[in-house]
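[1] Take this sequence and fold it.
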Amino acid sequence: MNTYNLYIGANNTTGQVEIDTLTYLLDGFTDGFTIIKSDGVWKGKHEDSVVVVIQSEPEYIEVLMKVLKEDLQQEAIGYQLVNELKFF
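    The predicted model follows:
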């Protein structure tokens, strides 16, 4: 299991971050995640965005990215493999 940061900006149509839709999609994919509200810049334009911290098996992360990109109407979504996340 790997930990990833997903970088998701505003919906290309509405100009808003679709947190309810994002939460719904992630709830069906994993047992837990964290959504951090942030400010982002895409192609020189400032927009609301979020960073999602999530654990996933490597073979599932690309499936999730495709679903999120389509359902959230994104031109692109960034993702980053990060160091191991442990729970105490």
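[2] any chance you could map the strands in this protein?
    2-9, 33-42, 45-56, 78-82 (DSSP state E).
[3] what separates the longest one from the chain centre, distance-wise?
    Going back to what we said before, that points to strand 45-56. 5 Å (C-alpha atoms, centre = their mean, to the nearest Å).
[4] Can you give the contact residues for it?
    1-10, 15-17, 19, 22, 26, 29-30, 32-41, 64, 82, 85 (C-beta atoms under 8 Å, 6 or more residues apart in numbering). In this view, the C-beta of every residue, glycine as well, is placed from N, C-alpha and C.
[5] Would you mark the buried spots in whichever helix in the chain runs longest?
    Ranked by number of residues, the top helix in the chain under DSSP state H is helix 58-71. Within helix 58-71, the residues scored as buried using 16 or more other C-beta atoms under 10 Å are 61, 64-65, 68.
[6] Please save the CA atoms from that helix in PDB.
    The C-alpha atoms that make up helix 58-71 are tabulated as PDB, following Å, rounded to 0.1, in the frame of the first residue of the first chain:
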ATOM      1  CA  PRO A  58      -0.400   1.100  -7.100                       C
ATOM      2  CA  GLU A  59      -2.600  -0.800  -9.600                       C
ATOM      3  CA  TYR A  60      -5.700   1.100  -8.400                       C
ATOM      4  CA  ILE A  61      -4.400   4.700  -8.300                       C
ATOM      5  CA  GLU A  62      -4.500   5.200 -12.100                       C
ATOM      6  CA  VAL A  63      -8.100   3.900 -12.200                       C
ATOM      7  CA  LEU A  64      -9.000   6.400  -9.500                       C
ATOM      8  CA  MET A  65      -7.200   9.200 -11.300                       C
ATOM      9  CA  LYS A  66      -9.200   8.500 -14.500                       C
ATOM     10  CA  VAL A  67     -12.500   8.500 -12.700                       C
ATOM     11  CA  LEU A  68     -11.700  11.700 -10.800                       C
ATOM     12  CA  LYS A  69     -10.500  13.500 -13.900                       C
ATOM     13  CA  GLU A  70     -13.600  12.700 -15.800                       C
ATOM     14  CA  ASP A  71     -16.200  13.100 -13.000                       C
END
